[in-house]
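J.: dropping a prediction and its sequence here:
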There are 2 protein chains.
Amino acid sequence: MADTQRQRLEAREEAILAAATAVFGKSGVDGARMAEIARRADVAEGTVYLYYKNKHELLEAVVDRFWRELTKGAIAAISEGAAVSQQLHELASYHLQSLIDDFKIVEITSRARMRHGEPGRQLPQIREYVRVFDAIMQRGIDLREFSADTAIWQIRDVFYGALEHSARTLVLRKQGFDPSVIDHLMRLFEQYRPSSRADNASGLDASEIMQALSRIETKLSQP
Amino acid sequence: MADTQRQRLEAREEAILAAATAVFGKSGVDGARMAEIARRADVAEGTVYLYYKNKHELLEAVVDRFWRELTKGAIAAISEGAAVSQQLHELASYHLQSLIDDFKIVEITSRARMRHGEPGRQLPQIREYVRVFDAIMQRGIDLREFSADTAIWQIRDVFYGALEHSARTLVLRKQGFDPSVIDHLMRLFEQYRPSSRADNASGLDASEIMQALSRIETKLSQP
DNA sequence: GCATTAAAATGATTACGACTCATTTATAAT
DNA sequence: ATTATAAATGAGTCGTAATCATTTTAATGC
């Protein structure tokens, strides 16, 4: 009965993970007691350490699973084949909603990234999650719906950075999901459409000139 | 000699804070030992607790001081009276550079925000720091250099969110400061200028360019 | 079924580090 | 000098993560 055996082990691991998620969420990482996690998972304290080397690895597993689920949800939330701008809208909405709903776990994520004094690592499942955006954007570029003159990673950092900060603001103010955040972000993203820049004038683009000038100004004022 | 006394106490507090900053930065919060902080500050372990109730309060003090210094630096980095877009450029550059330089402390900031299981609080000095952006943006709106149809907090979240994520990306890739991040962000912020939406179709706005040029002329003729 | 071996689980015990507090030392006041 | 007060000390306490010798459960062979 090797099969049932493996299932039992996986069920136990799952129980521990679920218990840990609940306790970390409720009490925070420092407030969480391994004893409570074990009790909730209905195993002895020592058993937890058969599945996870220490508290920090358990935390990483919890966070990793969270982002894996989020990736699944994001993919499900996006209408396949729809216009790129609509897909972005869907992803942004899904992301913001999720960050608000699971703010606790999201906060804990930064904790899982830090290991001792090392510079923050990237957890594999977060990397995976981020690819969802990249794929949409890449498709946008391929379809010429978006222009390719800004590195995708920079656009991605604006996207996720803005949403993360907005989510924090909304949670701190105890407001919920705010659609205007999404609208605002989507309006910003119009900037990346080739049409919005190409056909704007017969020749010169005032904004580019102004940017060049302000770069010069900046350099002049810091010698 | 009440004066010297107070100075001695403040010097001791400062020594503890400096030691804590170093040790938290080197070893991370969990890796930091109160014993090491005490030793570096050249006080007994118990003395630390006369100044800070516990490790977490010490952490908060370290983070708070960091952001207070950052606020000072930001204000110093901004040319008073310059065009709003230039001030934004300066603030963005300063911010990105600082986040990269002191990435360790910045990471630790999120830790200081979490107290037990409570939803994250806002540290007073971070609130103060954020006001620097708000003041610039408000001035931009007052001067009609920027339009008022998006809530400032949303613009602010884009600004700081994008820079924070970009800083993380740059640090993880072991690249340093990248001016294109700033240029990209500033280009996005063109969206908020009334001109870029209203009358931009005709092309150039000569008056804005002339204004910028004369500012440069002024600066060139006064070093 | 029973014996044998291996795998998994247990929880009492250990190790470690944050924090306390009785004691000592320094400073101010008279 | 003497007393009173404030500040500093570090050995000891206490809570909790992590260990590990022991027990329990499951798989395998006869």
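T.: Okay, I see it.

J.: quick one: A:A148 from B:V23, how far?
T.: Applying CB to CB, to the nearest Å, one obtains 46 Å for the distance of A:A148 from B:V23. For the C-beta atoms, the positions are set from N, CA and C on the backbone; glycine is no exception.

J.: typo on my end, A:R173
T.: 35 Å.

J.: neighbour count for these two, which is higher?
T.: B:V23 (25 against 10; other CB atoms under 10 Å in any protein chain shown).

J.: tell me which helix or strand in chain A has the weakest average pLDDT.
T.: helix A:194-198 (a mean of 59; mean pLDDT, DSSP states H and E).

J.: which residues are in contact with the closest residue to A:Y192 other than its chain neighbours?
T.: Beyond its immediate neighbours in the sequence, the residue positioned closest to A:Y192 (CB to CB, 6 or more residues apart in numbering or on different chains) is A:F146, lying 4.8 Å away. For A:F146, the contacting residues are A:V84, A:M137, A:G140, A:Y192, A:R193, A:P194, by CB atoms under 8 Å, 6 or more residues apart in numbering or on different chains.

J.: between these, which is nearest DNA strand C?
T.: Proximity of the contacts of A:F146 to DNA strand C (CB to the nearest atom of the strand) peaks at A:M137, which lies at 43.7 Å.

J.: okay, now the unreliable bits of chain A?
T.: Low-confidence segments of chain A, defined by pLDDT under 70, span residues A:1-3, A:117, A:119-120, A:195-215, A:217-223.

J.: and for the residue in chain A positioned nearest to DNA strand C, the neighbour number?
T.: Using CB to the nearest atom of the strand, the closest approach of chain A to DNA strand C is made by A:G46 at 1.7 Å. Counted with other CB under 10 Å, residues neighbouring A:G46 total 9.

J.: the one 4 residues further on too?
T.: Look at A:L50: counted by other CB under 10 Å, it has 13 neighbours.

J.: now restrict the contacts of A:F146 to buried residues only.
T.: A residue is treated as buried here by neighbour count (16 or more other CB atoms under 10 Å in any protein chain shown); on that basis the buried members of the contacts of A:F146 are A:V84, A:M137, A:G140, A:Y192, A:R193.

J.: wait, isn't the second one in contact with A:I152?
T.: Yes: at 5.4 Å, A:M137 counts as touching A:I152 under the criterion of CB atoms under 8 Å.

J.: surely A:L185 meets A:A92?
T.: Yes: counting by CB under 8 Å, A:A92 is a contact partner of A:L185 at 5.7 Å.

J.: quickly list what's touching both of those two.
T.: Among the neighbours of A:L185, those also in contact with A:A92 (CB under 8 Å, 6+ apart) are A:F159, A:L163.

J.: which parts of stretch A:24-36 are buried?
T.: Buried residues in stretch A:24-36, counted by 16+ other CB under 10 Å: A:F24, A:G25, A:S27, A:G28, A:V29, A:D30, A:A32, A:M34, A:E36.

J.: in TSV: these, plus distance to A:I100 and secondary structure.
T.: Putting these into TSV (distance: CB to CB, whole Å; DSSP: H, G, I helix; E, B strand; the rest coil) gives the following:
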residue	distance to A:I100	secondary structure
A:F24	18	helix
A:G25	14	helix
A:S27	20	helix
A:G28	18	helix
A:V29	20	helix
A:D30	23	helix
A:A32	22	coil
A:M34	29	helix
A:E36	26	helix
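
J.: which one of the residues you listed is nearest DNA strand D?
T.: Using CB to the nearest atom of the strand, A:M34 comes nearest to DNA strand D of the buried residues of stretch A:24-36, at 3.6 Å.

J.: for the closest one, which residues are in contact?
T.: Residues near A:M34 by CB under 8 Å, 6+ apart: A:E45, A:V48, A:K55.

J.: nearest residue to the second one other than its sequence neighbours?
T.: Sequence neighbours aside, A:A38 is the residue nearest to A:V48 in space, at 5.2 Å (criterion: CB to CB, 6+ apart).

J.: so how far is chain B from that neighbour?
T.: Using CB to the nearest CB, to the nearest Å, A:A38 is found at 19 Å from chain B.

J.: so that residue sits against A:T47, correct?
T.: Yes: counting by CB under 8 Å, a contact exists between A:A38 and A:T47, whose distance comes to 6.7 Å.

J.: so between these two, which is more surrounded?
T.: In terms of neighbours (other CB under 10 Å), A:A38 is the more surrounded of A:A38 and A:T47; the figures are 20 against 13.

J.: is any residue of the helix or strand where that one lies near DNA strand C?
T.: Using DSSP states H and E, the secondary-structure element containing A:A38 is helix A:34-41. No: Helix A:34-41 lies out of reach of DNA strand C by CB under 7 Å from any atom of the strand, never closer than 7.5 Å.

J.: what are the buried residues along the helix or strand A:E10 falls within?
T.: Here A:E10 is covered by helix A:2-31, with elements defined by DSSP H and E. Neighbour-count burial for helix A:2-31, with 16+ other CB under 10 Å as criterion, is recorded at A:12, A:15-17, A:19-25, A:27-30.

J.: follow-up on the earlier one: and the helix or strand harbouring the residue of chain A closest to DNA strand C, does that touch DNA strand D?
T.: A:G46 belongs to helix A:45-51 when assigned by DSSP H and E. Yes: Helix A:45-51 is in contact with DNA strand D by CB under 7 Å from any atom of the strand, via A:E45, A:G46, A:Y49.

J.: does DNA strand D have contacts with whichever helix or strand comes after that helix?
T.: Tracing the chain C-terminally past helix A:45-51 and defining elements by DSSP H and E, one meets helix A:55-77 next. Yes: for a cut-off given as CB under 7 Å from any atom of the strand, helix A:55-77 has contacts with DNA strand D, namely A:K55, A:H56.

J.: mind giving me the packing neighbours of helix A:55-77?
T.: Contact analysis of helix A:55-77 by 3 or more CB pairs under 8 Å, 6 or more residues apart in numbering or on different chains; DSSP states H and E lists helix A:2-31, helix A:84-101, helix A:103-113, helix A:124-142 as its packing neighbours.

J.: which helices and strands sit right next to the longest one?
T.: Put plainly, it is helix A:2-31. In terms of contacts (3+ CB pairs under 8 Å, 6+ apart), helix A:2-31 is packed against helix A:34-41, helix A:45-51, helix A:55-77, helix A:103-113.

J.: what angle do it and helix B:103-113 make?
T.: Between helix A:2-31 and helix B:103-113, the angle formed by their directions is 90 degrees, by axes from the mean of the first three to the mean of the last three CA atoms, to 10 degrees.
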